[in-house]
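Visitor: the sequence isn't on hand, but the structure is:
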C-alpha cells in the first residue's frame, strides 16, 4: 500500500460554491453554476466567513507585528502611522510587549479598557510606555499607549503586538480558503444552509441543513484551541 505523502489539500472559491450547491441539489453531476448563482454563492461565502470571527481566537489567524514608537505620540492607527494600508487592522489585541532592542529585554504591557485608560493621570507625561488600550474601528484600529514614549524609547524600543487578524476574502475563482483543512466541511455546509432560502428549499430540509452545518462547525471549533495551562491566584488586597 502506498500513500501520497501530500498534506496540502485545499479548496478554491469555485469548488466551495459548487460543493454547497450540490448539497442543495441545485447542480447535477458535472454541472457548473451560472454566473448569477456563482456570484450569489461568493457573496454568501464571504459574508459567512466574516461572521466566523465571533467564534473565538483561531490559532492560524493570530499574528505578530512590531510597532515603532514615535516621539510625543500616544495614538498609532493601522493603515496610517503604524503599518501600510494593505495590512489588516487587528480585530482584537491579545498581548502587547515592550521590547528593548539594545538591552534585549521584553516587558509585558498592561491592558486597560477605554474607561480606565481615560483615568490615567497626566496623559501628556513622557517615559517608558507600559499601558495600552486598543480601539477597533470599521476597517482600521488605533493603538493607544501611556505614557508618551521618551527619547530613549523612540530610539531603542518597539511594541510587539500579538493579535487576531481578519480572515482573508474569497475573490478570485482560484483563491483558496484562509482556514485549515478541518474547516472545509464547516464552510461547505454552512454555505449550503445560507443559500437554501434562495433556492426555495423547504423549511424542514433547511432545518436539517442547519443541524448538519452546526455539527461540522462544532467539530472544527473543537480543534482550534491553543495548548497550554491557565493559572489562577487570589488578588490579595491590603486594607
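Guide: Received the coordinates, thanks. Predicted model, so just to flag it, every value in this text is computed and none were measured.
Visitor: tell me where this protein has strands.
Guide: Under the criterion DSSP state E, strands of the chain are mapped to 62-68, 75-77, 92-100, 105-108, 110-111, 126-127, 131-136, 141-146, 148-149, 157-164.
Visitor: and the helices in this structure?
Guide: 13-23, 35-51, 114-118, 151-156, 184-195, 203-221 (DSSP state H).
Visitor: beta-bridge partners for residue 100, please?
Guide: Beta bridges link residue 100 to residue 105, residue 157 when assigned by DSSP bridges.
Visitor: distance check, it against residue 150.
Guide: Per Cβ to Cβ, to the nearest Å, residue 100 is found 12 Å from residue 150. C-beta: built from backbone N, CA, C; applies to glycine.
Visitor: which one, of the strands of the chain, ends up nearest to residue 25?
Guide: strand 157-164 (36.9 Å; Cβ to Cβ).
Visitor: what's near enough to touch the nearest residue to residue 148 once chain neighbours are set aside?
Guide: The spatially closest residue to residue 148, leaving aside those adjacent along the chain, is residue 126, at 4.6 Å (Cβ to Cβ, 6 or more residues apart in numbering). Contacts here follow Cβ atoms under 8 Å, 6 or more residues apart in numbering; on that basis residue 126 touches 72, 147, 148, 149, 150.
Visitor: let's go with 6 Å and repeat that
Guide: Residue 126 sits next to 147, 148, 150 when contact means Cβ atoms under 6 Å, 6 or more residues apart in numbering.
Visitor: surely the first one and residue 127 touch.
Guide: Yes - under the criterion of Cβ atoms under 6 Å, residue 147 makes contact with residue 127 at 4.3 Å.
Visitor: so where is this structure shaky, pLDDT-wise?
Guide: For the chain, the stretches with pLDDT under 70 are 57, 80-86, 224-239.
Visitor: how is it divided into domains?
Guide: 13-56+179-221, 59-164 (automatic domain parsing).
Visitor: sorry, back to before: dump the strands of the chain to TSV, plus distance to residue 173.
Guide: TSV is the format used below for the strands of the chain (distance: least, Cβ to Cβ, whole Å):
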stretch	distance to residue 173
strand 62-68	27
strand 75-77	34
strand 92-100	31
strand 105-108	44
strand 110-111	42
strand 126-127	53
strand 131-136	31
strand 141-146	31
strand 148-149	47
strand 157-164	28
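Visitor: which of these sits closest to residue 45?
Guide: With Cβ to Cβ as the yardstick, what comes closest out of the strands of the chain is strand 157-164 (20.4 Å).
Visitor: the closest one: which residues count as buried?
Guide: 157, 158, 159, 161, 163, 164 (16 or more other Cβ atoms under 10 Å).
Visitor: that strand relative to strand 62-68, how many degrees between them?
Guide: 160 degrees (axes from the mean of the first three to the mean of the last three Cα atoms, to 10 degrees).
Visitor: list of residues touching strand 157-164?
Guide: Against strand 157-164 from outside (Cβ under 6 Å, 6+ apart): 57, 61-62, 64-69, 90-100.
Visitor: for stretch 163-172, list every residue counted as buried.
Guide: Under 16+ other Cβ under 10 Å, the buried positions of stretch 163-172 are 163, 164, 165, 167, 170.
Visitor: please tell me how far it is from the chain's geometric centre.
Guide: Chain-centre distance of stretch 163-172: 7 Å, with Cα atoms, centre = their mean, to the nearest Å.
Visitor: that one: end-to-end distance?
Guide: End-to-end distance of stretch 163-172 (Cα to Cα, to the nearest Å): 27 Å.
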